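# Provided below for reference: sequence and predicted model.
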Amino acid sequence: MARPARKPARGAVRKPARRPAARRLPSVSLTGILARLSRALPWLLASLALLIVMTGLIYLPRMLDSYPLQAVTVEGVKDARRQQQVQLTLSTLVSGENFFSVSLDALHQEVSALSWVAETEVRRRWPGQLVLKVEERVPVAVWNDELLVASSGEPFRGLDKYSVDALPRLSGPALRLTEVMGYYHSMSRILQEIGLGIRNVSVNARLTAELTLDNGVVLVVDREQYAHKLRRFVQLYRTVLEADNRALAKVDLRYADGMAVTWGQDKAPDSKPEKRV
């Protein structure tokens, strides 16, 4: 038989059972998250950079080997002797290199160091070619049988790299090249009026010049008013000397008011060897 439920005592209140409080998670602000990320970012970037470097060290050589240097083209070099010298210089620098690894700066420096090279330009041409453009020095004379003189007036070595038979030969004191070149250009312009060119110029320490013309005639002139004396010779040659049937050998222009003319000995027997005019 079931027992009857107990009735609460009069005046008593039944309290509800307490539920366990929910566990509160610690609050995290956006500022804190950003601060943590900013502290970790350098390490993440450093790790990424290291990974990239390690990957490059492993795979880059294989990638570069797939772009070999196929050809080196040299433009602007007109003589086979100079072309050979350039190719020999380049061969030591491109040996074992590929299209990307070859140093353009090194190529530029080595070729520019050649005495007969005035300007150099080096560039890559995709996919596997190097193009080298060279501007050569243009020789206009031979100096003391040792050097060439460029059109700019600069001396340079390279006698064995040019055909010099047609170039005038200049000689004089080693430090007087500029003055000798000035003589040569000025005298050439004056003599061109009568169709004569200069084959050789020899200048001594006092700047007295002995010229050998392309017709074999020798002129001697000192630096005092040399242009005036040459023009006087040009006038006499045009009116008298050129028409004479005797062989003109030598003319000394060092006189203030005239010149001494020497005729060749293989002409008329009655001609005098020298005549002052």
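Received, thanks. Numbers count the residues shown, from 1 in each chain.

# just the strands in this structure please.
Secondary structure of the chain, counting by DSSP state E: strands at 71-75, 117-125, 129-136, 139-143, 147-150, 155-156, 169-171, 198-203, 209-213, 218-221, 248-252, 260-263, 274-276.

# Need the ones you listed in CSV (columns: mean neighbour count, distance to Thr31 and mean pLDDT).
For glycine as for every other residue, the C-beta is placed from the backbone atoms N, C-alpha and C. Output for those, formatted as CSV (neighbours: other CB atoms under 10 Å; distance: least, CB to CB, whole Å; pLDDT from 0 to 100):
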stretch, mean neighbour count, distance to Thr31, mean pLDDT
strand 71-75, 13, 61, 93
strand 117-125, 15, 51, 96
strand 129-136, 18, 57, 96
strand 139-143, 20, 77, 97
strand 147-150, 21, 73, 98
strand 155-156, 18, 72, 96
strand 169-171, 19, 85, 97
strand 198-203, 18, 89, 97
strand 209-213, 20, 92, 97
strand 218-221, 20, 95, 98
strand 248-252, 19, 103, 97
strand 260-263, 18, 107, 95
strand 274-276, 10, 111, 54
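
# Let's have the ones you listed in CSV, adding distance to Leu44.
Compiled in CSV, the strands of the chain are given as follows (distance: least, CB to CB, whole Å):
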stretch, distance to Leu44
strand 71-75, 45
strand 117-125, 36
strand 129-136, 41
strand 139-143, 64
strand 147-150, 61
strand 155-156, 59
strand 169-171, 73
strand 198-203, 77
strand 209-213, 81
strand 218-221, 85
strand 248-252, 92
strand 260-263, 96
strand 274-276, 100
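
# To Leu104, which of these lies closest?
When the strands of the chain are compared by CB to CB, strand 117-125 sits nearest Leu104, at 4.8 Å.

# Of all the strands of the chain, which one is nearest Ser47?
strand 117-125 (34.2 Å).

# So in that sheet, which strands flank the closest one, and in what orientation?
Under the criterion DSSP bridges, strand 117-125 sits next to strand 129-136 (antiparallel) in its sheet.

# contacting residues around the partner strand?
Strand 129-136 is contacted by residues 69-78, 82, 86, 90, 94, 102, 107, 111, 116-125 when judged by CB atoms under 8 Å, 6 or more residues apart in numbering.

# repeat for stretch 166-179
Stretch 166-179 is contacted by residues 139-145, 148-149, 153, 155, 180-181, 184, 197-205, 207 when judged by CB under 8 Å, 6+ apart.

# before we move on, the earlier item: closest one to Arg238 among the strands of the chain?
strand 248-252 (12.9 Å).

# between that closest one and strand 209-213, how many degrees?
160 degrees (axes from the mean of the first three to the mean of the last three CA atoms, to 10 degrees).
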